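**Q** the amino acid sequence is not available; the structure is as follows:
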């Protein structure tokens, strides 16, 4: 079998960054969640907020460690797999990634120890500031990484001098056309993903009628976040789509599975793209809807894939299906919100078991949506690594394919073991629950459980007296 260096290098980077993206997605969202919890604890002095913080900071610390370990190999792959990119675009990407390390990672590393271990060792204000700085660090990291990646999608502020990129405006490099949309879309995805994790795990406790005061408060806060973030993400995603149509129209054509330039383009709910025949099979569509979404005109014109040479088109099938998974999950989250609002109005949000089970299924779905969104963005810009300037085949390192294959297998084995260890410790923490509430939850009966759903603070105080 002939090994293709370009395919292997792309698969290896896709696997490593696809695995890595899980952890910053979780830590960005949980970092904000923990900051809000500690703010509520300091202002309201409700012990449940402290219990929530001390539980979720353990998951945050595990995810942070995984993010550090899996992030380091990514920078090395710029040299081992894509030295052409490093040589040609190093003047742009090098400073952006260096600033991320010096300002974001160092900030997180300096304060995470205080945040995780310093609750009873430092004054409350110092601990609160540590949580704040770690939260800022995670967001600062996202800022610089998204700036670098967005520049590769919509390069601005540079000129080519002797075949190398030279910066003419750092402001234009950083605040390139796609950056505001991609940053906001990514941050909201992180908040939503973390909220779904909290929602699902809290729902699991409610189903088992354990840790009820803890779970009810966590579920209520998480559902409020999901109710705000799910529709907001759809709105921001629509704005991002309009930006992509302007700067990367071939990516939009692949996302929509549109082969011919069409006025009044339909929205394909489902299809089987045939790249060889340049057509779609088994089509289920809504007439005119794609044109309306992208042009705000039911008869607006949308470019098709045939407007570009075959070697300048992205892999259509991959982009087409992952886009539909991402969007489908987005509307599924909106459905969760709608169902939850109805149940909340009926005072049944915390006791409807089929809804709680549905929420437990949401724990991994935010990660799946995020990874699918990343695939759409990155695969959709192929064959370019710097869109419109540098093709991926010209960015490769001069290494043998067997070396890349060997390291890819090593990454798969190592990361699988790491992920198993992460899940083991997470399940251990979840099974154990917050230590201060373990004894309180043992003898709670159905009546008391329903009472907790609306009076969590009073129940906590009452049970302390009984025990």
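**A** Thanks, I have it. Here the structure is a predicted model, which means the values were calculated and not measured.
**Q** which residues touch residue 96?
**A** Going by C-beta atoms under 8 Å, 6 or more residues apart in numbering, residue 96 touches 144, 147, 148, 151, 173, 174. Quick note: C-beta positions are derived from backbone N, CA and C, even for glycine.
**Q** repeat that for residue 80.
**A** Taking C-beta under 8 Å, 6+ apart, one finds 397, 399, 407 in contact with residue 80.
**Q** which helix or strand contains the closest residue to residue 317 other than its chain neighbours?
**A** Nearest residue to residue 317 in three dimensions, chain neighbours excluded: residue 273, at 5.1 Å (C-beta to C-beta, 6 or more residues apart in numbering). Residue 273 belongs to strand 267-274 when assigned by DSSP states H and E.
**Q** ChimeraX command for the buried members of the contacts of residue 80?
**A** Per 16 or more other C-beta atoms under 10 Å, the buried members of the contacts of residue 80 correspond to this ChimeraX selection:
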select :397,407
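**Q** I'd like the contacts of residue 80 as a markdown table, with secondary structure, distance to residue 73 and pLDDT appended.
**A** Compiled in a markdown table, those are given as follows (DSSP: H, G, I helix; E, B strand; the rest coil; distance: C-beta to C-beta, whole Å; pLDDT from 0 to 100):
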| residue | secondary structure | distance to residue 73 | pLDDT |
| --- | --- | --- | --- |
| 397 | coil | 14 | 91 |
| 399 | coil | 15 | 90 |
| 407 | helix | 9 | 92 |
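**Q** how about the strands in the stretch 251-400 of the chain?
**A** Applying DSSP state E, counting those that start in this stretch to the stretch 251-400 of the chain gives strands spanning 262-263, 267-274, 279-286, 301-302, 384-386, 390-391.
**Q** if you could redo that for the stretch 51-200 of the chain, that was the one I meant.
**A** Using DSSP E, counting those that start in this stretch, strands in the stretch 51-200 of the chain cover 158-161, 164-167.
**Q** name the residues that touch the first one?
**A** Residues outside strand 158-161 that contact it (C-beta under 8 Å, 6+ apart): 92, 165, 166, 167, 168, 173, 389.
**Q** now with 7 Å, please.
**A** The set of residues external to strand 158-161 that reach it, using C-beta atoms under 7 Å, 6 or more residues apart in numbering, is 92, 165, 166, 167, 168, 173.
**Q** just the buried ones among those residues, please.
**A** Among the contacts of strand 158-161, those scoring as buried are 92, 165, 173 (criterion: 16+ other C-beta under 10 Å).
**Q** where does the second one land on pLDDT?
**A** Spelled out, it's residue 165. Residue 165 is assigned 94 on the pLDDT scale.
**Q** from here on, count from 32
**A** Shifting the count to begin at 32 puts that one at residue 196.
**Q** for it, name its beta-bridge partners.
**A** With DSSP bridges as the criterion, residue 196 is bridged to residue 191.
**Q** residue contacts, the nearest residue to residue 273 once chain neighbours are set aside?
**A** Nearest residue to residue 273, sequence neighbours excluded (C-beta to C-beta, 6+ apart): residue 325, at 6.8 Å. The contact partners of residue 325, taken as C-beta under 7 Å, 6+ apart, are 272, 273, 276, 283, 331, 333.
**Q** how much space separates residue 325 from residue 410?
**A** 20 Å (C-beta to C-beta, to the nearest Å).
**Q** which other helices and strands contact the strand holding residue 304?
**A** When contacts are defined as 3 or more C-beta pairs under 7 Å, 6 or more residues apart in numbering; DSSP states H and E, strand 298-305 packs onto strand 310-317, helix 347-376.
**Q** could you give the angle of that strand to helix 347-376?
**A** Strand 298-305 and helix 347-376 are oriented at 150 degrees to each other (axes from the mean of the first three to the mean of the last three C-alpha atoms, to 10 degrees).
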